[in-house]
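Trainee: Give me coordinates for this.
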Amino acid sequence: MKVGLEFALSDRHVDAQQDNSQRQVAISVFALPEPVVGAIATHRAIPLNLCLVLDHSGSMRGAAMDTVKQAAKELIHRLQPGDRITIVGFDHEAKVIVPNQTMVSDRPEVIENLAWIETQLSQIAAVGGTNIDAGIKAGIEELAKGKKDTISQLLLLTDGENEHGNNDRCLKLAELATSYAMTINSLGFGDRWNQDILEQIADAGGGALAHIATPAQASAEFAKLFDRVETISLTNAYLHLQLQNGTRLAELKPVAQVSPDTIELPVMYEGDTAIVRLGDIMVDTPRVILANLYLPQLPAGEPTIAQLQLCYDNPATGEQRLLSAPMPLQASVQTTYAATPNPEVQTHILALAKYRQTQIAEQKLAGGDRQGAVTMLQTAAQTALQMGDQQAAAVLQGNVTQLQSGAELSEAMQKRTRMVAKTLLQASEPTG
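Mentor: This next block holds a predicted model:
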């Protein structure tokens, strides 16, 4: 399995007369599937090492707990012989319900330990408070037992605030997980969960954020995350962006992921090389990174303004810190400048703008600037329309209408707004 790398500038042409020029480069990173000779591949080549960290505090009592357990069972049924599973439950403290173990069978249609795992899952009862960091810590410890040559994924589900835990510790644990090539995905259940901390955990942990608005959606959201996990082929990927010919990154928020969801990415520097952690690389869904570059005045020609390279692990072979071939990013510097904007890159720029405009609206609303929030939400809705994201535009404009009527935004509406800002909705998803 090898890595694919494609990139394009927002406008490859640069004016030789300009003292400074700003450009965005969209970088698409994906795994290249191995060719299959003489047969169709029906199973993953790389085992999963999956950990479910489930909130079973008192607020999960009833339909919420029942549907989460059912969704977890359905997910476990999708595991293959050789995959690994562990289940951690937490209320005000954490408990390992199913220790890390391999799904064992000589025949793919029969998993020997499946019935026992389902029994353990069925016995989870909803009691107590909520301590998210205790659950994450126990989950990381269990995942570590089976991480060799696997895809290690933690799915964290909670419906509430971290009342018995520490949010800063959650983020430190998420960062620790990535240093061990583990990924943390967050699922918020209902309307009372702390979206700020769960989004930060997912972003720091290199994973996805999902919202289960009602119990009926639990199975679909679990399945959607599992679908994503199954396409992962390479892990622990880092983008190396060596800047050349006086090119520099923007000082404020220089790099962000814009697909499959939007995340502000931290940047590390080694000399003139900017390094950005990407984490898991998927076969079917590219990670698209947008970097904001400033170019000095350059002489006419085709100068290299940066060199791109990827460092990654291949769990199928156990190889680590593999390097792709370095690839030059060149601009076309013209004495007679003719703008040639790249429409695909422009769409990525709009996706990031939608995310940031919605964030500003949220901050203004929290600060009591209702009209400012309305204005920014209207701007974000227009941005969504420009990029063809009709569903996000509908949600954002609905919030504008709600605020203009004098009403407040419900917690459900606020969470929905954050989700449509962060990602493109699937066509089948509701907008209200």
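Trainee: hmm, who's touching stretch 407-415?
Mentor: 188, 191-192, 195, 211, 213, 362, 365, 398-399, 402-403, 417 (C-beta atoms under 8 Å, 6 or more residues apart in numbering). Where C-beta positions appear, they are placed from N, C-alpha and C, glycine not excepted.
Trainee: now do 6 Å
Mentor: Stretch 407-415 has contacts (C-beta atoms under 6 Å, 6 or more residues apart in numbering) with Asp191, Gln195, His211, Asn399, Gln402.
Trainee: Just confirm the third one is within a helix.
Mentor: No. The assignment for His211 is strand, going by DSSP: H, G, I helix; E, B strand; the rest coil, so no helix is present there.
Trainee: Could you give the bridge partners of it?
Mentor: Gly188 (DSSP bridges).
Trainee: for it, what are its contacts?
Mentor: So His211 contacts Gly188, Lys415, Met419 (C-beta under 6 Å, 6+ apart).
Trainee: Adding pLDDT and neighbour count as columns, could you present those in JSON lines?
Mentor: Below are the contacts of His211 laid out as JSON lines (pLDDT from 0 to 100; neighbours: other C-beta atoms under 10 Å):
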{"residue": "Gly188", "pLDDT": "96", "neighbour count": "27"}
{"residue": "Lys415", "pLDDT": "92", "neighbour count": "20"}
{"residue": "Met419", "pLDDT": "93", "neighbour count": "21"}
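Trainee: As JSON lines, the residues you listed with distance to Asp149 would be great.
Mentor: As requested, the contacts of His211 are exported to JSON lines (distance: C-beta to C-beta, whole Å):
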{"residue": "Gly188", "distance to Asp149": "32"}
{"residue": "Lys415", "distance to Asp149": "37"}
{"residue": "Met419", "distance to Asp149": "34"}
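Trainee: Closest to Ala134 out of the contacts of stretch 407-415?
Mentor: Gln195 (20.4 Å; C-beta to C-beta).
Trainee: Phi first, then psi, for the closest one.
Mentor: Per-residue torsions, Gln195: phi -70, psi -40 (degrees, to the nearest 10).
Trainee: what's the helix or strand for Leu385?
Mentor: helix 370-386 (DSSP states H and E).
Trainee: what does Met419 give?
Mentor: Going by DSSP H and E, Met419 is in helix 411-422.
Trainee: This protein: helices as residue ranges?
Mentor: Here the chain has its helices, by DSSP state H, at 63-77, 114-122, 132-144, 167-179, 195-204, 218-230, 343-366, 370-386, 390-404, 411-422.
Trainee: avg pLDDT for the first one?
Mentor: Per-residue confidence for helix 63-77 averages out to 95 on the pLDDT scale.
Trainee: ditto for the second one
Mentor: Mean pLDDT, taken over the full extent of helix 114-122, equals 94.
Trainee: Okay, buried residues for it please.
Mentor: Judged by neighbour count (16 or more other C-beta atoms under 10 Å), helix 114-122 contains these buried residues: Leu114, Ile117, Glu118, Leu121.
Trainee: contact partners of that helix?
Mentor: Lys69, Ala72, Lys73, Ile97, Val98.
Trainee: ok and it relative to helix 63-77, angle-wise?
Mentor: 160 degrees (axes from the mean of the first three to the mean of the last three C-alpha atoms, to 10 degrees).
Trainee: The fifth one now?
Mentor: Angle, helix 195-204 to helix 63-77, by the same axes, to 10 degrees: 10 degrees.
Trainee: and what of the last one?
Mentor: Here the directions of helix 411-422 and helix 63-77 differ by 30 degrees (the same axes, to 10 degrees).
Trainee: buried ones in helix 411-422?
Mentor: Applying 16+ other C-beta under 10 Å to helix 411-422 flags Met413, Gln414, Lys415, Arg416, Thr417, Arg418, Met419, Val420, Ala421, Lys422 as buried.
Trainee: Would you mind listing where the stretch 51-200 of the chain has pLDDT under the threshold?
Mentor: 106-109 (pLDDT under 70).
Trainee: Throw the buried residues of helix 411-422 into JSON lines and include distance to Ala380, thanks.
Mentor: As requested, the buried residues of helix 411-422 are exported to JSON lines (distance: C-beta to C-beta, whole Å):
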{"residue": "Met413", "distance to Ala380": "14"}
{"residue": "Gln414", "distance to Ala380": "14"}
{"residue": "Lys415", "distance to Ala380": "16"}
{"residue": "Arg416", "distance to Ala380": "13"}
{"residue": "Thr417", "distance to Ala380": "9"}
{"residue": "Arg418", "distance to Ala380": "11"}
{"residue": "Met419", "distance to Ala380": "13"}
{"residue": "Val420", "distance to Ala380": "9"}
{"residue": "Ala421", "distance to Ala380": "7"}
{"residue": "Lys422", "distance to Ala380": "12"}
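Trainee: with those residues in mind, which one is nearest to Thr335?
Mentor: Ala421 (41.4 Å).
Trainee: just checking, the closest one touches Arg356?
Mentor: No. In this structure, Ala421 is not within contact of Arg356 by C-beta atoms under 6 Å, at 8.6 Å.
Trainee: just to revisit the earlier point, between the contacts of stretch 407-415, which is nearest Glu93?
Mentor: Gln195 (24.0 Å).
Trainee: Can you report how many residues lie near that closest one?
Mentor: For Gln195, the tally of surrounding residues (other C-beta atoms under 10 Å) stands at 19.
Trainee: what does Ile184 give?
Mentor: 30.
Trainee: Adding distance to Val14, write the helices of the chain out as JSON lines.
Mentor: Output for the helices of the chain, formatted as JSON lines (distance: least, C-beta to C-beta, whole Å):
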{"stretch": "helix 63-77", "distance to Val14": "50"}
{"stretch": "helix 114-122", "distance to Val14": "58"}
{"stretch": "helix 132-144", "distance to Val14": "46"}
{"stretch": "helix 167-179", "distance to Val14": "36"}
{"stretch": "helix 195-204", "distance to Val14": "33"}
{"stretch": "helix 218-230", "distance to Val14": "37"}
{"stretch": "helix 343-366", "distance to Val14": "15"}
{"stretch": "helix 370-386", "distance to Val14": "25"}
{"stretch": "helix 390-404", "distance to Val14": "32"}
{"stretch": "helix 411-422", "distance to Val14": "31"}
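Trainee: Of the ones you listed, flag the one that's most buried.
Mentor: Comparing the helices of the chain by mean neighbour count (mean count of other C-beta atoms under 10 Å), helix 132-144 ranks first with a mean of 24.
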